[in-house]
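Peer 1: need a 3D model of the following:
(2 chains)
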Amino acid sequence: MATIAIASILVVSGLGLVLLSQESDGYRSTDFPERLMIFGNANNDDYLDEDDITTLEKIIAGELDAEDHPLADANQDGVIDQKDIDMVRKMIDREPMEIYYLNAHGDVKSVQYPVGDVAVVGTGIMGAVMSIGADEKVAARSFGATYDRTLIGDLYDVPIISDSLFRADVELVSNIDGITAILTQESTRYVQNADVFENAGIDVIRIAATDGLDTIGGILTLGYLLGFEEQANEYVRFCDEIISYINDRVGPDMMADDERVTSLSVVMINSVSGKDSAYFSATQIAGSINLADWDDTTQRFQEGDEWLLSYDPDFIIHARGIGYGDVDIQATWDQYGQYFTEMRAYKEGNYHILNGNPPVIVRIAYIASIFYPDIIGEDFGDIKHQEFLDKFSNADNLNVKEDVVSTINVHMLAA
Amino acid sequence: MEVGLSSLKEDYRIYILRKTVFMIACISVALLALGLSVSFGKYEIGFFESYGIIIDHLRGIEPADEMKHYIVWELRLPRAIMAIAVGAGLGIGGAAMQSMLRNPLADPYTTGVASGASLGAAVAIILGICLIPSLTGQYAIVVNAFFFSLIPATIIVLISKYKKTTPTMIILAGIGVMYIFSATTSLLMLIAEPDSLAEVYIWTVGSLGRASWENIPLVITFVIIGIIIIQTNSRNLNILAMGDKNAISLGVNALRTRLTLLVTIAFLTAGIVSFTGTIGFVGLIAPHIVRIFLGSDNRYLVPASAALGAALLIVADCIAKEAGATGLPVGVITAIIGGPIFLMILLKMRSKAWN
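Peer 2: Numbering: from 1, shown residues only, chains lettered A, B, ... in the order given. Okay, the predicted model is just below:
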């Protein structure tokens, strides 16, 4: 079962990488289905281009089945015809217009392209915006003590439109001129008052920004909507290369089940990730068999609880946003590790705290390094983290190895 | 005349017997549940295997399975003992509070102890501030909860002392103080990070999961001292039930007795709540159930409430440990079970129980 789960994730993410075209003058991936969730992307690749027109023409001519091309109906009138071709032609020319897209929940939404100034709600979406260099579009943000100033730079100082990380206040948003949309991430905890904004004519754009490989599609879609496609494709190239590297070494064809390490992942203080969690898939993408057998996103492991002690993973990956500033390693270790001291993974030095501030893809690189240092390379996480900071953040002055606490393990503690 | 006296003696003997049997029954249920509870939990360990582990530990035999030994000896046994102690403490606190204030809605938290403790815990968790600055983590939470829980009680005691208030005024003052503290906690929770928010919430629900061999002696000390003081004052509680004027005519200083009991219950509840969070309903319903069987004589009501409180809480904790996929905090179970029981008691309770 675990093999099938890993295989399904890695095959979907990995097979297409064979066809990657990594020319020096620009990255172009064409074999990942359904990542760019814009209606009009008829051939389901990462681009809106002439290939989509060709696909539409073939659908209209009956050479292709429309059901195999769920994003072909560009104008969402229920029919694929010349009007869709005309609309996609305008979209290829990047003309301002109303377009349709699938949000992170799979709902069909419309928005005025290109999206103007936005307010962002959530750390994940803020990171996604920064990754593609679209910070100039951000006019406001939700309150959030967990925003890391190192990564979001000057955006830290934009007006705040709520008293909570998860919310946007209608009146506060209305007070800021030019905001055309609220940008947020997939969890329904964020912007629960979306209806109010949409009734007021402010679009709420919900993008996959935290959930494993879905974030790659989220970035592509976000890049298109904001008019930052080139940067989004560069970032996607960075992600694809990491996945490809891991897949080539510990993918389903490279390693038998009994050679794999087992793992559990933990978020927040003591919430152990279930099958629906982004970290469940992250640890599986990194080549482990995650032992969680419950469907919920997380289950808390409280003081005095016994249930987790029935599991016996080789590794526990505890993801926490510990930022890019000074970190009290011992205090952090004590605070989060205290719940897991009786588990074999902890006793054998395989409990790792992973800095949750870098993007998901960098965290996957770290997790793979932790699981298989001899195969993946123990510096792989650091190398990719540095590459991310240099290319996709404002913190290119940081040296990951010297300035950042990316992971904490038992060997880093004072004797 | 002889027949009448003999009949009276027989009635009294039955009266005493009934109270004794009830108390023995409560204690038996508590001990039985205590015995069973070490084999309850999400980790599969059989009843006899659990006791084998305990006996081996007491005999100094090295455990064959460290994980099972840890679960039985370090988690389940302290938790069961804590359940007995906390249940007894809440039961006796509730009985004393209800009798002293002559109000069936009173419980150990009536003086705002729980709201104070919650604020103390929130200050430690959200702001990272402890009244003893060198402390961090769980120790900081316990210390803050304990001292903050005494603040509302202190305010009530001072109001009682200097304003010479009635029992009703004490309850109303308790409600007022509770709202102030709860509002402050809510304010802190509004600005809290998600992690801290969840931690405060879990803390306030009330759980026995924090029980350990380290904190049991402290809690037991608070409970034993509380039981001794309250039981010693049980006769005075009976007299207080007749009203302050009657109490004075019988030589009981109502104000001083009430203050003594208020301070005792405040310390008793603070000692409990700082380690467990707010476990509701036990202190409310245990005395009510006892009244149904034994009446309102505090000489029996107080110890019987302690015994029944212990039994109720440990049974609730056995359910809590088995509930759901991961178990539930016992505070959830006591609320789920306690609410309907309380309503049932209210509907069935003989009004004379309060006379």
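Peer 1: tell me how many other residues crowd the residue of the stretch 201-350 of chain B found nearest chain A.
Peer 2: Closest to chain A within the stretch 201-350 of chain B is residue B:209: 2.5 Å, counting by CB to the nearest CB. C-beta here means a position set from N, CA and C on the backbone, and glycine is covered the same way. Neighbour count of residue B:209, defined by other CB atoms under 10 Å in any protein chain shown: 22.
Peer 1: check contacts around it.
Peer 2: When contacts are counted by CB atoms under 8 Å, 6 or more residues apart in numbering or on different chains, residue B:209 touches A:302-305, B:79, B:329.
Peer 1: neighbour-wise, which of the residues you listed leads?
Peer 2: Each of these was scored for neighbours by other CB under 10 Å, and residue B:79 scores highest at 26 neighbours.
Peer 1: where's that one, which helix or strand?
Peer 2: Residue B:79 is part of helix B:77-101, with elements assigned from DSSP states H and E.
Peer 1: likewise residue A:192?
Peer 2: Assignment of secondary structure by DSSP H and E places residue A:192 within no helix or strand.
Peer 1: that one reaches residue A:167, doesn't it?
Peer 2: Yes. Residue A:192 sits in contact with residue A:167 when judged by CB atoms under 8 Å, with a separation of 7.4 Å.
Peer 1: which one's more surrounded, those two?
Peer 2: Neighbours per residue (other CB under 10 Å) separate residue A:192 from residue A:167, with residue A:167 holding more: 19 against 11.
Peer 1: tell me the secondary structure of the more buried one, please.
Peer 2: The assignment at residue A:167 comes out as coil when based on DSSP: H, G, I helix; E, B strand; the rest coil.
Peer 1: repeat for residue B:132
Peer 2: Local secondary structure at residue B:132 is given as coil here, using three-state DSSP.
Peer 1: per-residue pLDDT, residue 276?
Peer 2: Unless you meant another one, I'm taking chain A. In the predicted model, residue A:276 carries a pLDDT score of 86.
Peer 1: should've been chain B
Peer 2: For residue B:276, the model assigns a pLDDT of 93.
Peer 1: and the closest residue in space to residue A:269 that isn't next to it in sequence, helix, strand or coil?
Peer 2: If the residues on either side of it in the chain are set aside, residue A:269 comes closest to residue B:195, at 5.2 Å by CB to CB, 6 or more residues apart in numbering or on different chains. Under the three-state scheme (three-state DSSP), residue B:195 adopts helix.
Peer 1: what's the weakest-modelled helix or strand in chain A?
Peer 2: Within chain A, no helix or strand scores below strand A:21-23, which has a mean of 39 by mean pLDDT, DSSP states H and E.
Peer 1: show me the contacts for residue B:37.
Peer 2: If you count contacts by CB under 8 Å, 6+ apart, residue B:37 has them with B:76, B:79-80, B:83, B:314, B:317-318, B:321.
Peer 1: excluding chain neighbours, what is closest to it?
Peer 2: Counting by CB to CB, 6+ apart, the nearest residue to residue B:37 once its immediate chain neighbours are dropped is residue B:80, at 4.3 Å.
Peer 1: and that neighbour, what does it touch?
Peer 2: With CB under 8 Å, 6+ apart as the criterion, the residues that contact residue B:80 are B:34, B:37-38, B:314, B:317.
Peer 1: if we go to 10 Å?
Peer 2: B:30, B:33-38, B:40, B:208, B:211, B:314, B:317-318, B:321 (CB atoms under 10 Å, 6 or more residues apart in numbering or on different chains).
Peer 1: before we move on, what about residue B:244?
Peer 2: Remark: with contacts taken as CB under 10 Å, 6+ apart, residue B:244 is in contact with B:164, B:166-167, B:252-255, B:257-258.
Peer 1: quick check: next helix or strand after the longest helix seen in chain B?
Peer 2: Longest among the helix segments of chain B by residue count, using DSSP state H, is helix B:2-37. Sequence-wise, the next helix or strand beyond helix B:2-37 is helix B:47-58, with elements assigned using DSSP H and E.
Peer 1: could you list the low-pLDDT ranges of chain A?
Peer 2: Regions of chain A meeting the criterion pLDDT under 70 cover residues A:1-32, A:145-147, A:414-415.
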